[in-house]
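Participant: structure of the sequence below:
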Amino acid sequence: MSLVRWMRKNNRKIMAFVVVMIMLGFVGGYGLQQYLSRVGSGRGTVRAYYLDDMKIKAADRFQADNELKVLRSLLAGEMLRYRQTMFGTPDFKSRLLGEILFPDSQSAAAASVEMYQAMARGTLDADIADIDAFFKRTSGASDIYWILLKAEAKRAGCVVSRAQARTALTRLIQQVSEGRGSVAMLLRNVISNYRITEDEILRIFSDLLAVMVYSDIVTSSEAVTTDELRATIGRGGEKLNTEFLQFKATDFLEEQTDPNQEPMIAQFEAYKTYDAGRQSDENPYGFGYKLPDRVQLEYIIVRMADIEKLIAQPTPDDMEKYYTNNIDRFKEEVQLDPNDPESRTERIKNYADVTGEVRRSLTEERKERLANLIINDALELADAGFGGMERDKATGKDFEAAAAAYDKIAAQLADKHGIMAYTGKTGMLSQADLSDDSNLGMLSIEGQSQIPVGLGKLVFAIDQLGATEMGRFEAPAPRMWENIGPLRGAYGGILAVVRVIGAAKAEVPADINVSYSTKHSVVDEPDKPEDAAEEVHSVSEKVAEDCKLLAAMTMAKAGADEFVKLLADKTWPEAVDKYNKTHEKKDETGNLIPRSRLVSRKLTNRVRMGQQDLAKNVERFADNPYINVEDIIESKKLNDKLYELLDDDKTEAADINAVLELDFNASYYVVKDISRTEVTRDQYLKNKAMTAFQLNAGISNSLGLIHFNPDNIFGRMNFRWAQSDDEEKQKAQDKAEDKQNEDPA
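Facilitator: Numbering: from 1, shown residues only. As a prediction, this is how the structure comes out:
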């Protein structure tokens, strides 16, 4: 049959097909995608299961992906990322939901930083491990999360009506559209792009609201008890005041003689398996001789002060040109009428008034450009040997063999830029030793979240140690001999490139005679120790110091007892003067040594801290180089000791002259008096409601980390991926073989 005759015979079928295709072309967008998902290959293929026997087919995933695209067009991602609580603080539950449905590395980095900051302020009841665990989850399954979260909310009976969704959507678009058009315009665009009805849009948005409502329900902690409120308000409002004298054992160390070998060996054997500084009931002084994790570093350091000498000083023409090109920097707001707060306007500062500022800004920019050029040259030269290497497969020995010599790099920088670059190698440094290094201890590198990552965290994350773990948005963990940089000092004084050339895990020392170098970096003369022995970790010397400390504690106790006896016939100030005159010490020139004098101290408005509060503070500030966690712990212990001097029904105790032993800071205290200010009933009633809301919000936000953790979503919904046909056949074959082996007959 000819083609013409066939077309004439089947013209009705052909016309019907053409009309259908024209209609599909007109529908387009979302409708066409839905049609193709149904008629395409594999549309009914089961991809996964959840709950008991619920199936997720290829078409379901396709539809879920399209729904997420619709929600993104409706600015749902912005809504979730910028939603706030009733207190004006970030709603982290919404941010976490936004990250799993609309993953974006930049917003995720910003959210993690916000959570770190909230944790540090105490408004988020979480820890760093919880936050890092969430943001390290595997991305790329947003459609699956959407299917499961919708099903979970619906199964719990959380449903939002179309009318409620319309109201919420209108309010959302008005708040976050930022001039991108009206509500009607945005809806028209979504309808046009995806070829769906407004009712379908509201259905999709109502599903998102239902997921949010369900998360609020399951993470809400409205069962905050009255006792919990009383404890929180009471601890926050109760204040402690005291006056005391401190007899520190360290003030008596110079009077101690070197201990004999026998007590030193006994001391070493008793505490050789303990980490130094870890105080406990069985080890109140925090003795410990276990060797910590250590690294040896090699460095190239360039000083900004040296770079400043190389740049050309700004000329008057340079400064005027800079002023003209950056005129916006020199604007100020002024009030034209002192009596009219609304009469404020902007004006440009006169060049003559900002000459110094212009000079400083121009100098800093030139210095920064040259500094970046020099340190990037150093990093490029240091990485030159790794050019042909497959870094992912390379070992530490491969890096070591290809590593460029830092002293040669320093010579090349001197030839090219005329600058002195300081190079050298440290001893084996613990994290505490590294933090004490005046140069390396303050170095950091900027991570993806733009929050500096300290060198101390980076170098101890190498595979050989694993003492620290890098977050998803921090710098990747380095490898041995791999160059780390460019690193910057905390106060902008230096730039550096560093590499780890040695590492040793924590271990119990073989004997008391173990020692090793703890040499620090050297850039300036003050970096050089007066005595080389100062940069050696000697176990025997540490044991000897601790033995002397124990002996000095006996003398501190004797001093405290002596002072109390003076109080029998003297007032507190008279006893202080008498003790100081009796025990005054002078230096070689005859001047009094200030530290040998007792000084009466007062503590006022000390806030009481619970054990849970202490644990939270330790977690918050564990990685903060500017806050000493040990000081927080000691403060808590001192408070507890002082409170023991007051009976439960008393608020004041005067002239008690009690002697307290505080072994955690190796001191004896003589306490003159103590008082506490209690929270009144009116204060409690005034703060009760707000405190309850704050406790609930903090707990709810932290529980969002658990609720929206992808692994927990999969676990709650019993999610599992479908197996392929080949896997099913292999499993059936294995089962048949097992049965045959069990019953050969």
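Participant: switch to C-alpha atoms for all contacts and neighbour counts from now on
Facilitator: OK.
Participant: what stretches of the stretch 501-650 of the chain score poorly on pLDDT?
Facilitator: Along the stretch 501-650 of the chain, the model assigns pLDDT under 70 to residues 527, 530-533, 587, 590, 592-596, 608-631, 648.
Participant: where do the strands sit along it?
Facilitator: All strands of the stretch 501-650 of the chain, identified by DSSP state E, counting those that start in this stretch, fall at 515-517, 536-538, 601-607.
Participant: which one of the ones you listed is the most hemmed in?
Facilitator: A comparison of the strands of the stretch 501-650 of the chain by mean neighbour count, using mean count of other CA atoms under 10 Å, puts strand 536-538 on top with a mean of 18.
Participant: any residues touching that strand, and which ones?
Facilitator: Strand 536-538 is contacted from outside by 513-519, using CA atoms under 8 Å, 6 or more residues apart in numbering.
Participant: let's go with 10 Å and repeat that
Facilitator: 289, 291, 427-429, 433, 512-519, 544 (CA atoms under 10 Å, 6 or more residues apart in numbering).
Participant: out of those residues, which sit inside helices?
Facilitator: Using DSSP state H, 433, 544 are the members of the contacts of strand 536-538 that sit in helices.
Participant: among the contacts of strand 536-538, who's most crowded?
Facilitator: Of all these, residue 429 has the most neighbours under the rule other CA atoms under 10 Å, reaching 27 neighbours.
Participant: nearest to residue 211, out of the strands of the stretch 501-650 of the chain?
Facilitator: Closest of those to residue 211 is strand 601-607, at 40.7 Å (criterion: CA to CA).
Participant: and that closest one, which strands flank it?
Facilitator: Strand pairing for strand 601-607, using DSSP bridges, gives strand 239-248 (antiparallel).
Participant: hang on, the earlier thing: what is the most widely separated pair among the contacts of strand 536-538?
Facilitator: Distance extremes for the contacts of strand 536-538: the farthest pair is 427 and 544 at 22.6 Å, using CA to CA.
Participant: for the stretch 501-650 of the chain, which segments count as helices?
Facilitator: All helices of the stretch 501-650 of the chain, identified by DSSP state H, counting those that start in this stretch, fall at 539-566, 572-583, 611-621, 629-643.
Participant: return the most buried member of those helices.
Facilitator: helix 539-566 (a mean of 19).
Participant: compute the inter-axis angle for that helix and strand 239-248.
Facilitator: Helix 539-566 and strand 239-248 meet at an angle of 110 degrees, taking axes from the mean of the first three to the mean of the last three CA atoms, to 10 degrees as the criterion.
Participant: elements contacting helix 539-566?
Facilitator: Judged by 3 or more CA pairs under 10 Å, 6 or more residues apart in numbering; DSSP states H and E, helix 539-566 is in contact with strand 239-248, helix 261-271, strand 515-517, helix 572-583, strand 658-662, strand 667-677.
Participant: list of residues touching the longest one?
Facilitator: What that stands for is helix 572-583. The contact list for helix 572-583 (CA under 10 Å, 6+ apart) reads 244-245, 559, 562-570, 584, 596-600, 655, 657, 672.
Participant: among the helices and strands packed on helix 539-566, which is nearest residue 285?
Facilitator: Residue 285 lies closest to strand 658-662 among these, at 9.2 Å (CA to CA).
Participant: partner strands of the closest one, with direction?
Facilitator: Here strand 658-662 has these sheet partners by DSSP bridges: strand 667-677 (antiparallel).
Participant: how about the partner strand, which residues are buried there?
Facilitator: For strand 667-677, a neighbour-count test (16 or more other CA atoms under 10 Å) marks 667-676 as buried.
Participant: hmm, residue 602 is touching residue 670, no?
Facilitator: No - using CA atoms under 10 Å, residue 602 makes no contact with residue 670, being 12.0 Å away.
Participant: who are the contact partners of residue 499?
Facilitator: By CA under 10 Å, 6+ apart, the contact set of residue 499 is 295-300, 382, 403, 425, 459, 478-485.
Participant: and it, that's in a strand?
Facilitator: Yes - counting by DSSP: H, G, I helix; E, B strand; the rest coil, residue 499 falls inside a strand.
Participant: let me know which of the strands of the stretch 501-650 of the chain is the nearest to residue 91.
Facilitator: Set against residue 91 and scored by CA to CA, those come closest in strand 601-607, at 28.7 Å.
Participant: show me which positions of stretch 208-218 end up buried.
Facilitator: Buried residues in stretch 208-218, defined by neighbour count with 16+ other CA under 10 Å: 208-212, 214-216.
Participant: whoops, stretch 357-365 was the one
Facilitator: For stretch 357-365, burial by neighbour count (16+ other CA under 10 Å) applies to 358-359, 362-363.
Participant: which residues sit against it?
Facilitator: 308, 311-316, 318-320, 322-323, 326, 329-330, 351-352, 354-356, 366-368, 370-371.
Participant: show me the contacts for the nearest residue to residue 493 once chain neighbours are set aside.
Facilitator: Nearest non-adjacent residue to residue 493, counting by CA to CA, 6 or more residues apart in numbering: residue 304, 5.4 Å away. By CA under 10 Å, 6+ apart, the contact set of residue 304 is 367-368, 370-371, 489, 492-495.
Participant: and the helix or strand encompassing residue 369, what's its mean pLDDT?
Facilitator: Using DSSP states H and E, residue 369 maps to helix 355-383. Helix 355-383 comes out with an average pLDDT of 90.
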